[in-house]
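A.B. asks: Any chance you could fold what I've pasted below:
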Amino acid sequence: MAAHGFYGWRVVGAAFVLAVFGWGVGFYGPPVYLHAVREARGWSLALVSTAVTVHFLFGAFVVANLPRLYRRFGVPKVTKAGACALAAGVAGWALAEAPWQLFLATLFSGAGWVAMGAAAVNAIVSPWFARRRPAALAMAYNGASIGGVVFSPLWVAAIAQLGFPAAALLVGVVMVLAVWLLADLFLARSPAAMGLLPDGEAAGIAAPEAPAAAAAALPAPAALWRDHRFLTLSAAMALSLFAQIGLIAHLFSVLVPALGAASAGIAMGAATAAAIAGRTLVGWAMPAGADRRLVACASYAVQIAGSGALLLAADGNVPLLLLGVLLFGAGIGNATSLPPLIAQVEFARADVPRVVALIVALAQGAYAFAPAAFGLVRELAPEGGLFLAAAMVQALAIAAFLAGRRRPV
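C.D. replies: Okay, here's the model as predicted:
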């Protein structure tokens with residue numbers, strides 16, 4: 001089959017839509033749910049914020065077990081179950097009349113969204129691509145950014161017009177129907193079952209996989225936790241996402257005094273657009289033999305430059321603020337898409353799904369606490385401390401990537 005008509009690109013399209021719903025409902029939704037629940041119930045900010053943290057922490061536990069669930073039940077069934085659980089969980093957020101009901105709902109929403117999150121997208125797309133995997137994953141992961149662009153204002157408008165319960169029901173039904181169709185039409189097929197090779201190309205084309213020596217490096221699950229590549233990759237992804245999500249959680253309110261609410265919202269949208277552009281550029285332009293850890297370091301360095309610009313603009317310098325937003329935004333998408341691509345070339349093919357699931361789970365477990373941690377920094381540190389903290393954590397992520405390039409003595 002010609003490459004341009006390769007079925008794998010349809011799978012990428014399905015994964016893109018899956019990511020739109022996964023992130024739009026399960027990642028960008030909880031901050032909106034937090035506000036809606038507080039408005040409706042009058043519960044404390046600490047209580048509802050803890051529910052958001054539980055949502056992400058339980059999701060981290062589930063995502064670590066996704067490869068096992070896929071092996072037992074198959075990708076289509078797990079994906080459908082995830083959509084149903086997420087819809088039920090969001091409905092639970094909307095209908096909860098007691099705190100215990102809210103926390104029960106977080107277990108469903110947290111478990112459900114990860115079946116349409118980063119590890120899920122990687123598991124769906126990766127079997128179809130090897131040499132072109134960076135570009136394919138970049139396209140699929142861009143659905144996450146679009147999910148933020150579409151669903152953040154959509155949730156606000158729908159809740160204002162319909163109320164939280166009706167909005168949750170409407171979005172949940174649409175999501176379940178869409179995901180169910182995608183699972184049946186696209187996710188139920190595999191390259192082997194269709195007689196296709198990865199990338200839709202002829203046999204004999206080299207693909208960037210781990211060398212034979214690395215293929216035997218992880219004979220048992222326990223060995224993974226002693227492997228310097230896994231440990232440094234996990235640390236780098238966790239640190240980078242901790243810095244990003246901690247800063248993003250507070251960025252809007254930081255921008256409002258200088259830009260106004262409307263312009264600050266536009267600036268946040270520009271950050272998302274920069275994330276899409278940055279991820280797409282890296283996915284399509286990164287050479288096949290490039291050191292992907294160094295590419296990640298370069299992406300994080302751009303974000304550090306963005307944090308520096310935001311720090312220098314603390315007095316309200318609008319051009320510097322906008323430059324900082326765009327530079328920081330340019331690396332947001334790569335923090336999600338590059339670690340799985342690094343795993344592709346550093347670990348044996350059979351180990352990659354397990355590695356990706358675990359690094360995503362560890363990162364999610366870490367960034368669940370980021371908004372609270374950065375809020376504490378914002379309260380206790382001098383003006384600009386928020387941006388300095390983000391830059392320092394990103395620098396630690398770069399150090400972890402570089403440390404992983406060294407061979408153990």
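
A.B. asks: switch to C-alpha atoms for all contacts and neighbour counts from now on
C.D. replies: Noted.

A.B. asks: which outside residues touch stretch 156-166?
C.D. replies: 32, 36, 91, 94, 95, 167 (Cα atoms under 8 Å, 6 or more residues apart in numbering).

A.B. asks: Report the buried residues of that stretch.
C.D. replies: For stretch 156-166, the neighbour count (16 or more other Cα atoms under 10 Å) marks 156, 158, 159, 164, 165, 166 as buried.

A.B. asks: With stretch 380-391 instead?
C.D. replies: 384, 385, 386, 387, 388, 389, 390, 391.

A.B. asks: One more: stretch 256-274?
C.D. replies: 258, 259, 264, 265, 267, 268, 269, 270, 271, 272, 273, 274.

A.B. asks: thinking again about what came up before, out of the contacts of stretch 156-166, flag the one nearest to residue 292.
C.D. replies: Comparing the contacts of stretch 156-166 against residue 292 with Cα to Cα picks out residue 32 as the nearest, at 35.2 Å.

A.B. asks: what's the helix or strand for the closest one?
C.D. replies: Using DSSP states H and E, residue 32 sits within helix 29-41.

A.B. asks: How far off centre is that helix?
C.D. replies: Taking Cα atoms, centre = their mean, to the nearest Å, the mean C-alpha location of helix 29-41 is offset from the chain mean by 22 Å.

A.B. asks: Ok, stretch 119-129 next?
C.D. replies: Distance, centroid of stretch 119-129 to centroid of chain: 14 Å (Cα atoms, centre = their mean).

A.B. asks: Could you do stretch 122-136 as well?
C.D. replies: The answer for stretch 122-136 is 16 Å, by Cα atoms, centre = their mean.

A.B. asks: just curious, which of the buried residues of stretch 156-166 is nearest to residue 325?
C.D. replies: Using Cα to Cα, the buried residues of stretch 156-166 come closest to residue 325 at residue 156, 23.0 Å.

A.B. asks: Tell me the pLDDT of that closest one.
C.D. replies: For residue 156, the pLDDT comes out at 82.

A.B. asks: again, but for residue 254
C.D. replies: So residue 254 comes in at 80 (pLDDT).

A.B. asks: same question, residue 29
C.D. replies: 85.

A.B. asks: shouldn't it be in contact with residue 153?
C.D. replies: No. When contacts are counted by Cα atoms under 8 Å, residue 29 is not listed as touching residue 153 (9.9 Å).

A.B. asks: out of those two, which sits in the more crowded spot?
C.D. replies: residue 29 (21 against 13; other Cα atoms under 10 Å).

A.B. asks: looking at the protein, which helix or strand does the model trust least?
C.D. replies: Using mean pLDDT, DSSP states H and E, helix 212-215 stands out as the lowest-scoring helix or strand of the chain, at a mean of 43.

A.B. asks: Tell me which residues are up against stretch 320-329.
C.D. replies: Contacts for stretch 320-329 (Cα under 8 Å, 6+ apart): 255, 267-268, 270-275, 302-310, 312-313.

A.B. asks: How far off centre is it?
C.D. replies: 20 Å.

A.B. asks: Let me know the average pLDDT across it.
C.D. replies: Rounded mean pLDDT across stretch 320-329 is 93.

A.B. asks: Check which residues of that stretch are buried.
C.D. replies: Buried-residue list, stretch 320-329, by 16+ other Cα under 10 Å: 320, 321, 322, 323, 324, 325, 326, 327, 328, 329.

A.B. asks: Show me where the stretch 1-150 of the chain has its helices.
C.D. replies: Counting by DSSP state H, counting those that start in this stretch, the segments of the stretch 1-150 of the chain that form helices are 8-26, 29-41, 45-64, 66-73, 75-95, 99-113, 118-125, 133-162.

A.B. asks: sec struct for residue 194, please.
C.D. replies: Secondary structure for residue 194, judged by DSSP: H, G, I helix; E, B strand; the rest coil, is coil.

A.B. asks: same check, this time on residue 190
C.D. replies: Applying three-state DSSP: residue 190 is coil.

A.B. asks: Which residue comes closest to residue 390 once chain neighbours are left out?
C.D. replies: Leaving aside its chain neighbours, residue 390 sits nearest to residue 243 (4.9 Å; criterion: Cα to Cα, 6 or more residues apart in numbering).

A.B. asks: My read is that that neighbour contacts residue 396, right?
C.D. replies: No. Between residue 243 and residue 396 there is no contact, the gap being 10.1 Å when judged by Cα under 8 Å.

A.B. asks: Pipe the buried residues of stretch 156-166 into CSV and attach distance to residue 87 per row.
C.D. replies: As requested, the buried residues of stretch 156-166 are exported to CSV (distance: Cα to Cα, whole Å):
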residue, distance to residue 87
156, 17
158, 15
159, 15
164, 13
165, 11
166, 12
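
A.B. asks: for the residues you listed, which one is nearest residue 405?
C.D. replies: residue 156 (44.5 Å).

A.B. asks: Would you work out how far apart the start and end of stretch 114-134 are?
C.D. replies: 21 Å (Cα to Cα, to the nearest Å).

A.B. asks: what's the answer for stretch 345-358, then?
C.D. replies: 16 Å.

A.B. asks: And the residue lying closest to residue 292 once chain neighbours are set aside, how far from residue 237?
C.D. replies: The shortest distance from residue 292 to any non-neighbouring residue, by Cα to Cα, 6+ apart, is to residue 342 (5.7 Å). Distance, residue 342 to residue 237, using Cα to Cα: 11 Å.
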